[in-house]
Structures are given as structure tokens and as C-alpha cells.
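[1] sequence-free structure coming up:
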């Protein structure tokens, strides 16, 4: 006790000693926290739900004519939770897809790429997804596992094997125990009426803190087209990376070519315009299925009122899902829109926006609610885009922060600091050069990100 | 007390409640720590010295004939510490420089760029550096401040103004109080015998946790050429970014053109091959001064034994300084060499190496001492370089971790985990494609990085 008192007295005289003691305490507490996490946290059942999760939970998801779901607990890696989802798609369903550009793509991605793009003909289709194991960097055995799973789905569901699309997410570098998946398929095929899209959204989660879904509908000539999608990301389970999987379903009657074109183009403005940490998964997959069972007019190309309305509705769903992925970004406490205008062209605008959105210095400033516009200037400068310091202006929301190469005369740090306290922020940059524009979305970089990605296995 | 007991009992039943309480405690403690930091920490006097700092402190630094230093406490921003250094360079000194490629370069950088590259003629030269204010994004006033400072140095030291090179590092977006610098110049010019290169190394620090210096010498025909350099980086003081400043001095007799060529080429293998967080400062500056006072043979081009020996010695000093910058990376606890071989070409090799070195997922894994080779595979895949998963091999030090698209049969997680405990690590990647090779250096991404960059101003 006397010793303690001495220590305290010493700390008062020597603030550095005080710091050292605090740091030691912090380190001890962190260790304790880590240990507690290890005993408690199972993926997706973690104790934390992102503070940015939609307040009302998942939206009410419709039934899409021609789409049936089944889910199962196959125990691929996790025990006692849904980890396989199977979607059965009616004959005539058109499929489109967008995949990771990674040069080390996982086996299921390579398989999907080879199959996508063929017109449906009269056949049905199926999507099979497991969580817990990514079947990535698994050598020749990885492709064999995909073969086994898709063959078994083909038999169980009664669709050609080249119309079975598979995804896997979870641990990488470990062989996929595919027999655990094939073992439950027969049973799943009997239970297509028992599962719903929300079940599917849950089955594909890894360390996501909330399930992600979005839906919308449009009316054309008195008939309805419905679109609904589910997504997972960007949780992580060591030694995995933050894979993003997205499945979108619609009853629209649409040919494969315009479906693929719309999906690819809209991906650039949605899923390719978000970033959590700039890292790219080996397994990112976006699959879309159009069953053609709506009575609305068929879409045969990109023009015409039905195509335009459908494209807008699809964008809405994709934007919603992509924002949910950012809002579940590891450790995220802030949702940040980075809107760049006035760039030399759109490509330059996206370069600048992504440089800001990926900058650890900008992201830590946002985490600290620090209106640190100097770091935005830095990110603009390093982006590689054409820039003129003296034409640049920067806004936080509606607040003009900097213009003409210097801080704006009316800007005060207090205004900036107050703005930064909000959970959703807009960083606006006008380059003052041309018409190029781009908007991207990101989250902040927090202690929790380090906890999730460094502490758990240490 | 009874309440406490109840809480404890509850925590045992409900481990998630326990977590929540721990998290709350952690958050409180962090706040306390932050506050303590604010009252205690002055830049460069911070309580923490990087665990990777050289054990023996700065090396013994030689005197370089033709180079004199003066330092001062000008109070640019910090009180009671050296914040200005002035180097006087003898007539005939050749100057070379490499600068940030940022499109939003600071005023002193633009001024240096305009002046560098001119042959010395008979004139001397001077380098003036202040810490505490970066004079970056300061509009037209920024250039005027550079004019004032360099004019005052020109008068005080007696060298032409176009031979006065200036750098500033510290806060950005605030006007440089240049009168505080010009006020001390007359006095500094009287005290050139009172300061040494270690003083200069200290005067240019911002939040560096240790001063950085390196030196070497070579003998040519019985005569000695000495090289010595100092550097600062990559500490940060809000709202600044991690600026790197490097000043290298030699008594070698060397023409400006080969000096600039050597410096530029070696920068690619040294200072452009390190990364802490992938962010680029608006102020990065590397200046080299060759006084020509050594009696060793003159270097007139890149060939010949003197040029080759000098180039090797210069590389040694630059590599040493650049590694020290990484070792003082914000929050660094591990020094990581990423060595890529077998790429299609050198450009691809550097792309892969930088993708690994900048990946937050790889860097957090290193922080957590997690032998997470899956994240290395991911980084290779996203780099944009040509890659064939099945030809790729990965090593941690001498341990073969993965080969032929899968984990190596002899690799064990235990071996990997043991290796990762070392403070200095080598991640080796062979692409199996060609002769392209590149080596880069980085550090880990820790809680301390977030503390430094997010917590201090929140």
C-alpha cells in the first residue's frame, strides 16, 4: 500500500512515468479483452453489432417467382449455425456475374467465370454457397472440390452442372471439406419451401455483424418487376480476407446480354466504388439471376422505358447493398462518402476519391473526429491525378474548408470538429479543372480494426 | 461491494456482458492515456522510443570538410527545443535532390526543384530547415515565406539566393511564421563552429522518436571520401502528414550530373522502396551536397572505380537511413523486408512487393505475430502484376510456407508462429515466372498507429 502511494506520488512528479503506467495498464486490459473475445466470439455471433447497421434490421423481403431457397447447418467450419445456402432458379433463368480481378482467384470463382455468359436455354440453374472455408489457394484439389459440389447440386436439384454456380467464403489454404456439403444436399433439395431469403442472408455470413439485404420494385404497364438481393462482407475470419459475396434475384424477363451489361456497368458505381481497407479478396463474387416470370414487358437491350426503369431499380438495390457492406466494415464507426467533382475526367476523379478513401491517415482522422483537411490535400496530391493546388476546394458536408490553395477565410476548426461528430460524413473535393466526377464510400480506421485483424490470433 | 459481486457473477454467466464491461474500461483508459499524452508529449520528446531504434543510438558522425552546421530554438511551433538547422556549404559544392511526386507539393519543395540542377560555379550554398510548420497548402503566402527565408539566409551566410535550399516540416495549412526564423539567422551565422551533425539531426525531428544518421567512408588511391547523412520521418504531428526529409553530405569531388543520376537511381532502391502507410507527404525532400574537398580522384561520370565505389558507399548510407525511417514508423514494433523474385519483370516485382508492404491485412497480421500467408496470397493477387497461383511460392525467412498453389507439405503453423515473434522479418515471394526482382521494407500496423493518428486530437 505504501509502495503504491509512492508510485502515485512519483507519477505526479513525472508525467512520463504516469504515461508508462497507463500504457502498461492498457496493454494488460487489451490482453484480457483479447482473451475474453477468444472464449466468446464465434463468427457472426460476435458480441458487437456495427453501430452503422440499419436501425430496423433487414427489410421485408419479397418472394421472387422462380426463386426458392434452402439452407443448412453443414458444419463446414462453424458448429451450430447456418453455413450453406442453396438457391434453385426456374427454367429459363438468365444468369449474369461480376468477379474479383485478383490474379490469385479462388477455384469457385474460376468455375463461375467459365460458366457465366451462356444463354439460359430451357434449363434451370442453381447457386450454392458455403461459409467457413473459401476453397482458395487450395491447389488442384480446390477445382476437384468445386466439381464434386456442383455435380452433387446438379443431381439434387435437377439442373445441368454447367448451370450450377458456387461460392465459398472463409478460411483460405485449407482443403474444403466438400463431403460435409454434399452430405446435406439431398435433404436440402426436399426443403425448398422451408427457407426464405433472410435465412440465405444469414447462411452466407462469416464475421459480418449483421445480415444484409435490399429490395425494390417497379411497375411497368401495370405489371410489377421485383428485385431483391443479399450480400456478405466485409467481416474476416483469420486467416481469411474480407470477401464480398452478393446475390441478386429478379423476376424480370431480360436477355442475358443486357443483364450482364447493366450488372457490369452498375458495379463500377456501386461495389467497385466502396473500400474498407483497399484489400481485394480472392473470392469476391456478384451473381444475378433473372427468372423471367414477371408479366412486365421483356427487356432485350439497354434502351426503352422498361430497361431504363429496371436499370435504375437495380442500381438502387446494388447501392444499398454496397453501402451496407461498408457499414459493416471491420471496426467501422463512421460511414464516409467521398465526392470528387471538377476533375480532368472521370478516371482521375475516381483515382482521387479512392486515394482519399483508402488513406490510413484520412481514415484515422475520421475515427478521431478530427477535421483534418490537410490529410485530404495529401491524398489528392498522391493520387496520381492531375491537380492544381490553387484551384482545389474541400468541403466537409456543406462547410467550405479550403479553397484557392489555402484554408477558407470563414472556416473555423470548431465548425469542422462539430461536423465530424456525425456518424455519416461527406468529404467533398472539387478539383476546379474539368467535368470529371466520382463518388465512393468508405469507413473509418479504428482500434477495433486492429483488434479484429491483429489481436485475435496473437 | 455487493453490487460489484453481483456484476462479477453476472459477467461469469454472460461472457458478452464481461466483454462489454472490459471494452468500456478500455475506452475509459484510452481516454485517460490520450489526455495524459496531451499534457505531456511534446514532439520528439514523446515518452516512447521505437522498440526498433538502433541499440547504440546515433553512430559517431564525422566532420565533412566544407560543411558547417548551426542550430537554433526559433519557436516556430515548439517551445524549448531545436527547430531550425542551417548548413553552410563551401564554394564549389555540387547539389542534387529528389522530391515528392505529390501534385500538391509544398512551397519549399517547388522552390528547391526550381533551383536544383544548376552547376555550382564558384558559389557556396546553404540548406535551411525548420520543423513545426510545413508551409504546405499555404497559398501565395507560402511562396512569399520561402522568398523571405532564403533571402535572409543568402544575406546571413553570403551565398546567392538561388543556392539556398529550404525545407519545412510540421503543421500544414497554417502560414509559416517565417519572421521567427529570419530573426535567429544572423546569430546562427555567427555560431557555425558550435553545432554538429547530431544537433542538426535533432533539429529537423517532428514526432520522430529517435534522431537518424548514417555514415561511411571509402578509400581511393590512399585518399578518403566520407559520406554522412541525417533523416527525419515518419512521425506526424496533427494535422500534418508523415514527411520524410533527408540531407546527405560528402566531401567527394563529383560533377552535378553524375551526382544527380546516382542519387535518383539509388532513391528507387532505398527511399522509394520503403512504406509505412502508403501515404505520400507534400514535403518529402532528399538533398545531397558534395563539397569536393576530398583529395580523392574527381568523379565525372558513372563509370570508373571511384564512381563505382562511391555509388556503393552512397547506397549503404541511403539504405541505412531509409531503414531507420521505417523503424521509426508510427507505432512500429516489427521491421519487415518483403523480397519478391521470379516476377515477369522488375516493375511487376515492385508492384507485388508494395502491395504486400502496404496491405493493412498483412501489416495487422505481422503486428499480431500471425503467420497469415493467406493475406500474402491476397496481396499478390490484388497487385495487378502478372501471377500464376500454381507457380507461386511464399517463405517466411527460410521457412517454405506455400508452393504450387497450396500450403507446403512440411510447413507447420507452429514454425510460422515462432518465426513471427522476431522483431525483424523477411517475407519472401517467388512468382515463378521470370527474372524480375524487388525488395521493399515496411513495418507493422498496430494500435499505436491508430493512437497517434486518431486519438490525439479526438
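    Ah, there it is. On a predicted model such as this, the values are computed, not experimentally measured, just so you know.
[2] now the helices for chain A?
    Counting by DSSP state H, chain A has these helices, from start to end: A:2-13, A:15-40, A:107-115, A:139-157, A:178-189, A:197-203, A:256-269, A:305-327, A:346-358, A:360-367, A:373-382, A:413-420, A:447-450.
[3] Reformat those as TSV; add mean neighbour count, distance to chain B and mean pLDDT.
    Where C-beta positions appear, they are placed from N, C-alpha and C, glycine not excepted. TSV is the format used below for those (neighbours: other Cβ atoms under 10 Å in any protein chain shown; distance: least, Cβ to the nearest Cβ, whole Å; pLDDT from 0 to 100):
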stretch	mean neighbour count	distance to chain B	mean pLDDT
helix A:2-13	10	10	43
helix A:15-40	16	4	58
helix A:107-115	21	9	94
helix A:139-157	19	3	95
helix A:178-189	19	16	96
helix A:197-203	23	19	95
helix A:256-269	18	17	94
helix A:305-327	20	15	95
helix A:346-358	24	8	94
helix A:360-367	28	4	90
helix A:373-382	28	3	88
helix A:413-420	16	9	94
helix A:447-450	24	5	82
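[4] Of those, which is nearest residue B:311?
    Closest to residue B:311 of the helices of chain A is helix A:373-382 (Cβ to Cβ; 29.1 Å).
[5] For residue A:57, grab the count of nearby residues.
    Residue A:57 has 11 neighbours, counted by other Cβ atoms under 10 Å in any protein chain shown.
[6] meant to ask about residue A:300, not that
    Neighbours around residue A:300, by other Cβ under 10 Å: 14.
[7] mind giving me CSV with the helices of chain A and columns for distance to residue B:218?
    Listed next are these as CSV, based on distance: least, Cβ to Cβ, whole Å:
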stretch, distance to residue B:218
helix A:2-13, 50
helix A:15-40, 42
helix A:107-115, 54
helix A:139-157, 50
helix A:178-189, 62
helix A:197-203, 67
helix A:256-269, 55
helix A:305-327, 54
helix A:346-358, 41
helix A:360-367, 39
helix A:373-382, 36
helix A:413-420, 52
helix A:447-450, 44
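[8] of all the ones you listed, which lies closest to residue A:217?
    Of the helices of chain A, nearest to residue A:217 by Cβ to Cβ is helix A:305-327, at 7.3 Å.
[9] just so I know, which of the helices of chain A lies nearest residue A:221?
    helix A:305-327 (8.1 Å).
[10] Show me what the closest one packs onto, helices and strands only.
    strand A:212-220, strand A:223-232, strand A:245-250, helix A:256-269, strand A:274-275, strand A:335-343, strand A:436-443 (3 or more Cβ pairs under 8 Å, 6 or more residues apart in numbering or on different chains; DSSP states H and E).
[11] how about 10 Å then?
    strand A:212-220, strand A:223-232, strand A:245-250, helix A:256-269, strand A:274-275, strand A:285-290, strand A:335-343, strand A:436-443 (3 or more Cβ pairs under 10 Å, 6 or more residues apart in numbering or on different chains; DSSP states H and E).
[12] orientation of that helix relative to strand A:285-290 in degrees?
    With axes from the mean of the first three to the mean of the last three Cα atoms, to 10 degrees as the basis, helix A:305-327 and strand A:285-290 are set at 150 degrees to each other.
[13] residues contacting residue A:346?
    Residues in contact with residue A:346 (Cβ atoms under 10 Å, 6 or more residues apart in numbering or on different chains) are A:268, A:340, A:434, A:435, A:436, A:437, A:438.
[14] Out of those residues, who's the most crowded?
    Ranked by neighbours (other Cβ under 10 Å), those are led by residue A:340, which has 29 neighbours.
[15] With adjacent residues omitted, what lies nearest to the residue nearest the centre of chain A?
    The residue lying closest to the centre of chain A (Cα atoms, centre = their mean) is residue A:325, at 3.4 Å. Residue nearest to residue A:325 in three dimensions, not counting chain neighbours: residue A:233, with 4.4 Å by Cβ to Cβ, 6 or more residues apart in numbering or on different chains.
[16] Least confident of the helices and strands packed on helix A:305-327, on average?
    Across those, the stretch with the lowest average pLDDT is strand A:274-275; it has a mean of 83.
[17] Who are the packing partners of that one?
    Strand A:274-275 packs on helix A:305-327, helix A:346-358, strand A:436-443, going by 3+ Cβ pairs under 10 Å, 6+ apart.
[18] nearest to residue B:332, of those?
    helix A:346-358 (20.2 Å).
[19] Can you give me the domain boundaries for chain A?
    Chain A breaks down by automatic domain parsing into domains covering A:67-327, A:335-455.
[20] Residue A:404 contacts residue A:393, doesn't it?
    Yes. In this structure, residue A:404 is within contact of residue A:393 by Cβ atoms under 10 Å, at 7.6 Å.
[21] any residues in contact with both of those two?
    Both residue A:404 and residue A:393 are in contact with residue A:432, where contact means Cβ under 10 Å, 6+ apart.
[22] related to what we said a few turns ago, what's the farthest-apart pair in the contacts of residue A:346?
    A:268 and A:434 (19.3 Å).
[23] coming back round to it: let me have the contacts of residue A:346 in JSON lines, adding distance to residue B:277 as columns.
    Formatted as JSON lines, those follow (distance: Cβ to Cβ, whole Å):
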{"residue": "A:268", "distance to residue B:277": "27"}
{"residue": "A:340", "distance to residue B:277": "21"}
{"residue": "A:434", "distance to residue B:277": "30"}
{"residue": "A:435", "distance to residue B:277": "32"}
{"residue": "A:436", "distance to residue B:277": "27"}
{"residue": "A:437", "distance to residue B:277": "27"}
{"residue": "A:438", "distance to residue B:277": "23"}
